[in-house]
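*Asks:* turn this into a model:
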Amino acid sequence: MENATKPKLVFFQFKHDQTLREFILLHRQQHIKCLLEFFDVTVINEDCDYEEVCDRYQPDLALFESGVNYKSIHRLDIKNTSAYPKIPKLGLHNGDSWCEARSGFLSDMECWGIETFFSICTTTAEYTPEIAENLFVWPNFIDPDIYKDYHQPKNIPVLMTGYSHSLYPWRQNITKIITSHYPSLICPHPTYVKDSGTPRGIYGEQYARTINASWFVPSCGTIAREVVRKHLEIPASKSCLLTEKTASIEAAGFIDMQNCVFADGTNVLDKLDYLFQNLDELEKIIDAGYKLVHSRHTLKHRDQILQWFKLYKNLQEDQKIIQSNPFEPLCIVGKLSDSQNKHIICDGLILDLLRRGDEKLWAGKYEEAEALYFQCNVHISWMPEPKLRLALCYLYRGDPAQALDWIWQPIRYTLEEYRAKEPDPVEWAYYIIILLCQGNLDAANQHCQQFPSLNHPELERTRLAIEILRNEKNQHSSQINCKLKVRYSVHQLPDRSFSEWIDRLCLMLGASGQFNFSKKLKKSVFTEDKDFSRINFLTQQLKLDLASRRYRLSEFIKSNLKTFIRQTSIRKTLVYLEKLSRNSV
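*Replies:* Numbering: from 1, shown residues only. Predicted coordinates:
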C-alpha cells in the first residue's frame with residue numbers, strides 16, 4: 001500500500017525520557033512501525049493543542065495513548081480535543097489489564113471526549129468490565145525483522161528470561177522445577193528504568209538470537225493469563241514455547257504438543273523428558289509454532305485499528321462495530337442485535353481471590369475477606385481493587401484511620417503520579433465516607449464540592465448523604481444532574497437500592513462511633529413523611545444508574561411515572577422503584 005493511499009493518523013504517544021529501558025523503547029517503536037503498515041502516521045509526543053494539530057496535519061483518525069504507568073513516561077496535556085468532532089478519536093490503553101493507571105486512563109478518555117477504546121491486552125475487559133462494550137483489542141505482535149530463524153546451533157536446553165516475581169506464579173513454580181533437573185541459562189530481568197544497581201538484560205536481535213539457540217523457553221501470561229509478547233517472540237525465533245494452558249493462548253491458535261507445549265508443575269518434567277528423547281517430534285512442534293506466529297501474529301497482521309476505521313466510515317445509525325475474538329476480523333451488526341464484543345475470560349488468580357474476598361466481605365466476615373485481599377496485594381501491590389476493599393473492611397470494623405491509608409494510595413497515584421484530572425469516582429466516594437466516619441463532616445462536605453463534573457451513582461449517593469447530614473436534603477433532588485455523563489470506574493460494587501446502601505453506610509458509621517450521623521441518616525431516609533423526597537431521589541437515581549450502563553427509562557415509565565405515584569400508595573411506589581432499579585441493570 002502506497003503512502004498516498006493510506007489514511008492519515010495522528011498518534012498522540014506519551015513522552016519518555018532517557019532513563020527508560022531499551023526494550024521498552026523498542027516496544028514503543030514497534031507500535032509506530034505497526035501503525036505505519038496501515039496509516040500515514042504523524043506522532044505527537046509533546047503537550048499540544050488538538051485543534052492546531054488537526055489544522056496542520058488534517059488527519060482522518062486520531063489515536064490517543066493513555067494508561068501508561070512507567071515513571072519515565074509523561075502524560076501529555078492536550079487541549080481543545082472537542083475541536084473537529086467529525087474526526088473519529090480512539091483511546092489506546094497501553095498497559096496491563098490490572099494496572100493502577102486504569103483510573104488515569106478513564107479520566108483521560110473523559111477529559112479528551114473519547115468513547116471507543118483499544119487495548120493491547122486480551123483481558124482488559126475482565127478487569128474493567130464497565131468499558132467492555134466499547135473496548136476492542138489490538139493484540140501483541142512480533143516484528144519479523146527481529147524475531148526470526150537465525151540458524152543458531154541449539155546449545156541451550158532451557159532458557160529462562162524475565163521477572164521471577166509473585167506476579168508470575170506459574171513461572172516461579174516451573175523455573176524452580178526445571179532448573180533443579182535440567183541445565184538452564186537464566187537471564188536476569190533488567191527492570192524498566194535504567195539504574196546503576198540493576199542487571200543488564202539482553203533485548204532486540206541479541207535476545208532473539210539467544211532464544212533461537214534454545215530448545216525450550218518458558219513463558220506465562222502473568223497472573224492474568226494474558227497473551228504477552230514473549231508468547232509470540234519464542235516460537236517466532238524458532239524455539240519451543242513452554243507455557244500455561246489458558247483461554248487467551250488457545251484463542252491465539254496454540255495447541256498442546258502441536259505448536260507449543262502446555263505444562264504445569266505436575267507434568268512439565270515428563271513432557272521435557274519425552275521431547276528431549278524424541279527430537280524429531282520436538283522439531284515438528286518448533287516448526288509449527290514458527291509458522292503459526294509468522295502467518296498470524298506479526299505486525300503486518302495487526303490491522304484491527306484500520307478495520308475499525310473502515311467500518312466506522314460506513315456505519316449507519318442503527319449499526320455498531322463488534323469484535324468476536326481478539327484475533328479475528330471486526331464486523332458490523334445491528335444495534336439491536338444480541339451480538340456484542342466477545343472478550344476472552346481467563347479468570348486469573350487475582351480475580352478469583354477478589355471474588356472470594358467479596359463473598360466474605362458482604363457476608364460480614366471481615367477478617368477472612370481481609371486475608372484474601374492481602375493475598376491479592378502480595379501478588380500485585382499496586383492494584384487498586386484490593387486497596388478499596390481493604391478500606392471497606394476497616395470501615396466495617398470501625399477503623400477509619402487504616403481505611404484512609406488504603407484508599408489514599410490509589411487516589412494519590414492517580415492524581416499526583418499519573419497527573420490525571422480526576423480520581424476514580426468510587427474511590428473518591430469512599431474517601432469522603434472515611435472522613436465522615438472520622439466525624440469530620442466539614443471536610444467531607446468540602447471534598448464533595450471538588451471535581452463537580454465527576455459523576456457516578458456511588459458518589460452521588462455519598463453527596464446526598466452529606467447533604468442530609470447538613471440539613472440540605474430538600475435541595476439535593478434539584479441538584480442531581482442526570483444529563484451529566486456517568487464516569488467509568490475500575491471498581492465494581494454490588495447493585496443496591498438506596499435504602500440498602502444507606503444501611504451499609506450506617507453500619508460503617510456505627511462501627512466508627514458516629515452514632516449521631518447514623519441516626520440522622522436513618523431518620524431522614526426512612527421516616528414516612530420523608531418518603532416523597534425519597535421517591536424523587538430514587539427516580540433520579542434510577543435514571544442515573546441506568547445511564548451508567550447506557551440504558552434509558554422506557555418512554556412509558558417516563559411519561560406515566562407521576563400518574564403512577566398519584567394513584568398508588570407511597571410505600572408501593574417505593575417498592576416499585578427499588579424493584580425496577582434492581583431489575584434494570
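
*Asks:* how far away is Pro190 from Ile156?
*Replies:* In this view, Pro190 and Ile156 are 19 Å apart by CB to CB, to the nearest Å. For glycine as for every other residue, the C-beta is placed from the backbone atoms N, C-alpha and C.

*Asks:* please enumerate the helices of the stretch 51-200 of the chain.
*Replies:* 102-112, 124-127, 169-179 (DSSP state H, counting those that start in this stretch).

*Asks:* by contact count, what packs against the second one?
*Replies:* For helix 124-127, the elements it packs on are strand 135-137, judged by 3 or more CB pairs under 8 Å, 6 or more residues apart in numbering; DSSP states H and E.

*Asks:* direction included, what does the strand it packs on pair against?
*Replies:* Partners of strand 135-137 in the sheet, by DSSP bridges, are strand 117-119 (parallel).

*Asks:* which residues sit against the strand it pairs with?
*Replies:* 63, 90-93, 97, 109, 131, 134-138, 304-305, 308 (CB atoms under 8 Å, 6 or more residues apart in numbering).

*Asks:* of the residues you listed, which is the nearest to Asp77?
*Replies:* Met109 (15.1 Å; CB to CB).

*Asks:* and the end-to-end length of stretch 12-26?
*Replies:* Terminal residues of stretch 12-26 lie 17 Å apart, using CA to CA, to the nearest Å.

*Asks:* where in the protein is pLDDT low?
*Replies:* 1-4, 191-200, 472-484, 526-585 (pLDDT under 70).

*Asks:* swap in 80 and give it another go.
*Replies:* 1-4, 18, 163-165, 189-201, 472-485, 525-585 (pLDDT under 80).

*Asks:* does His301 touch Phe141 like I think?
*Replies:* Yes - counting by CB atoms under 8 Å, Phe141 is a contact partner of His301 at 6.7 Å.

*Asks:* the more surrounded of the two?
*Replies:* Phe141 (24 against 17; other CB atoms under 10 Å).

*Asks:* backbone phi and psi for the more buried one, please?
*Replies:* Phe141 adopts backbone torsions of phi -150, psi 180, taken as degrees, to the nearest 10.

*Asks:* now do the contacts for it.
*Replies:* So Phe141 contacts Gln30, Cys34, Arg229, Leu232, His297, Thr298, Leu299, His301, Arg302 (CB under 8 Å, 6+ apart).

*Asks:* cool, Ala391 as well?
*Replies:* So Ala391 contacts Ala403, Leu404, Trp406, Ile407, Tyr430, Ile434 (CB under 8 Å, 6+ apart).

*Asks:* report the buried members of the contacts of Phe141.
*Replies:* Gln30, Cys34, Arg229, Leu232, His297, Thr298, Leu299, His301, Arg302 (16 or more other CB atoms under 10 Å).

*Asks:* among the residues you listed, which two are most distant?
*Replies:* Arg229 and His301 (14.2 Å).

*Asks:* which helix or strand contains Trp408?
*Replies:* Using DSSP states H and E, Trp408 sits in helix 400-412.

*Asks:* so what touches that helix?
*Replies:* Helix 400-412 is contacted by residues 100, 103, 384, 387-388, 390-395, 423-424, 427-428, 430-431, 434, 437-438, 512 when judged by CB under 8 Å, 6+ apart.

*Asks:* quick one: the helices in the stretch 251-400 of the chain?
*Replies:* Assigned by DSSP H, counting those that start in this stretch, the helices in the stretch 251-400 of the chain fall at 268-277, 279-296, 304-313, 349-362, 366-379, 384-396, 400-412.

*Asks:* so which of these is the most packed in?
*Replies:* For these, average neighbour numbers computed from mean count of other CB atoms under 10 Å are highest in helix 384-396, which has a mean of 25.

*Asks:* grab the CA positions of that helix and hand them over as CSV.
*Replies:* Taking Å, rounded to 0.1, in the frame of the first residue of the first chain, the C-alpha atoms of helix 384-396 are listed here in CSV:
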residue,chain,number,x,y,z
PRO,A,384,-6.4,-0.5,43.2
GLU,A,385,-9.3,-3.0,43.7
PRO,A,386,-7.8,-4.8,46.7
LYS,A,387,-7.0,-1.5,48.3
LEU,A,388,-10.5,-0.2,48.1
ARG,A,389,-11.8,-3.4,49.5
LEU,A,390,-9.3,-3.4,52.4
ALA,A,391,-10.5,0.2,53.1
LEU,A,392,-14.1,-1.2,53.2
CYS,A,393,-13.0,-4.0,55.6
TYR,A,394,-11.5,-1.4,58.0
LEU,A,395,-14.6,0.8,57.8
TYR,A,396,-16.9,-2.1,58.7
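
*Asks:* quick one: contacts for Lys86?
*Replies:* So Lys86 contacts nothing (CB under 8 Å, 6+ apart).

*Asks:* mind putting the buried ones among the contacts of Phe141 into CSV with distance to Leu167?
*Replies:* Formatted as CSV, those follow (distance: CB to CB, whole Å):
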residue, distance to Leu167
Gln30, 23
Cys34, 26
Arg229, 15
Leu232, 19
His297, 23
Thr298, 27
Leu299, 26
His301, 28
Arg302, 25
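
*Asks:* which of these sits closest to Gly201?
*Replies:* Closest to Gly201 out of the buried ones among the contacts of Phe141 is Arg229 (14.1 Å), distances taken as CB to CB.

*Asks:* show the buried residues in the contacts of strand 117-119.
*Replies:* Buried by 16+ other CB under 10 Å: 63, 90-93, 97, 109, 131, 134-138, 304-305, 308, out of the contacts of strand 117-119.

*Asks:* which residues does Arg171 contact?
*Replies:* Gly162, Tyr163, Ser164, Pro218, Ser219, Cys220.
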